[in-house]
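[1] next one to model:
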Amino acid sequence: PWYGTWNPTHPHYRFLDVSNGKVGLALLNDGLREYEVTDDDTRTIALTLMRAFQLNLTTVAWQWEPHPEMTLTQSPSEHEFRYAIYPHLGDWGAGSVLEEADRFNLPLEPAQAAPHPGDLPKQLSLLQVEPASVALSALKRSEDGRALILRLFNPKSEALSAKVVLWQRVREAQLMNLNEEPQSLLPLENGAVRLPLGPKRIATVRVVL
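    Predicted structure coming up:
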């Protein structure tokens, strides 16, 4: 009976955005995974805070077997939710919505250590990626243990030239496939990696320091 019925809600990963190309409004979420945008002139945004239901088991269409012992599926208690409203110019790309969503979902976490001499400068960046619209989705040790693996992606509809700067000079960089098999060498620029990223493209890069 549910086949072909209309489902207005959609998955909400890090953000949703409604824009007319000149201005837009984004919702940045922190654990809220469902939204709806009405298909009318108002383009009203609905954000699901909580879904609660009494469990039903159906073995035959339209024959429901309620389970009264599952009353806690109504989620009684106090709930706390966190999200952000982000107005911006242009569409989601021009408005840097993805970058703001990353800042919102992955805030800096300070840590305090006991006094010690230390061997690092007062200011040091583990990794820098330019331009800011290029996203870093993974950073790990290579499977052979001799290098680092970075996974980058270009979420935009136009090609970009990415630059990756690490805390040490890169001695060698290779473009890999998802199985970490080498595809081609990448050029270096003063110890930084340069690579082209086409529209909506993912790149896996192996770097040797």
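[2] CA atoms for contacts and neighbours, from now on please.
    OK.
[3] I'd assumed Val205 was in a strand, is it?
    Yes: under DSSP: H, G, I helix; E, B strand; the rest coil, Val205 sits within a strand.
[4] just to check, it is in contact with Asn179?
    No: assessed by Cα atoms under 8 Å, Val205 is found out of contact with Asn179, at 11.4 Å.
[5] could you check which of those two has the larger neighbour count?
    Higher neighbour count among Val205 and Asn179: Val205, with 25 against 8, using other Cα atoms under 10 Å.
[6] low pLDDT regions in the protein?
    Low-confidence segments of the chain, defined by pLDDT under 70: 1-2, 53-71.
[7] which ones are touching the residue nearest in space to the middle of it?
    With distances taken as Cα atoms, centre = their mean, Arg14 lies nearest the centre of the chain, 5.8 Å away. By Cα atoms under 8 Å, 6 or more residues apart in numbering, the contact list for Arg14 reads 28-30, 98, 101-102, 105.
[8] cool, Leu188 as well?
    170, 172-173, 194.
[9] the same query, at a cut-off of 10 Å, please.
    With contact set as Cα atoms under 10 Å, 6 or more residues apart in numbering, Leu188 has these partners: 163-164, 169-173, 194-195.
[10] correct me, but Thr44 touches Ala26?
    No: the criterion here is Cα atoms under 10 Å, and Thr44 misses it with Ala26 at 11.9 Å.
[11] more neighbours, the two?
    Ala26 (23 against 12).
[12] if I look at that one, how far off is Val205?
    31 Å (Cα to Cα, to the nearest Å).
[13] and for Leu197?
    Leu197 is 12 Å from Val205, by Cα to Cα.
[14] spit out the residues that contact those two alike.
    With Cα under 10 Å, 6+ apart as the test, Leu197 and Val205 both reach Leu152.
[15] ranges for the helices of the chain?
    97-105 (DSSP state H).
[16] okay, now the residue nearest to Glu172 when sequence neighbours are not counted: neighbour count?
    Of all residues not flanking Glu172 in the chain, Val208 sits nearest, at 5.1 Å (Cα to Cα, 6 or more residues apart in numbering). For Val208, the neighbour count with other Cα under 10 Å is 15.
[17] residue contacts, Val208?
    142, 146-149, 168-174.
[18] out of those, which one sits closest to Asn20?
    Ile149 (38.1 Å; Cα to Cα).
[19] follow-up on the earlier one: list the residues that contact both of Thr44 and Ala26?
    Both Thr44 and Ala26 are contacted by Val18, under the criterion Cα under 10 Å, 6+ apart.
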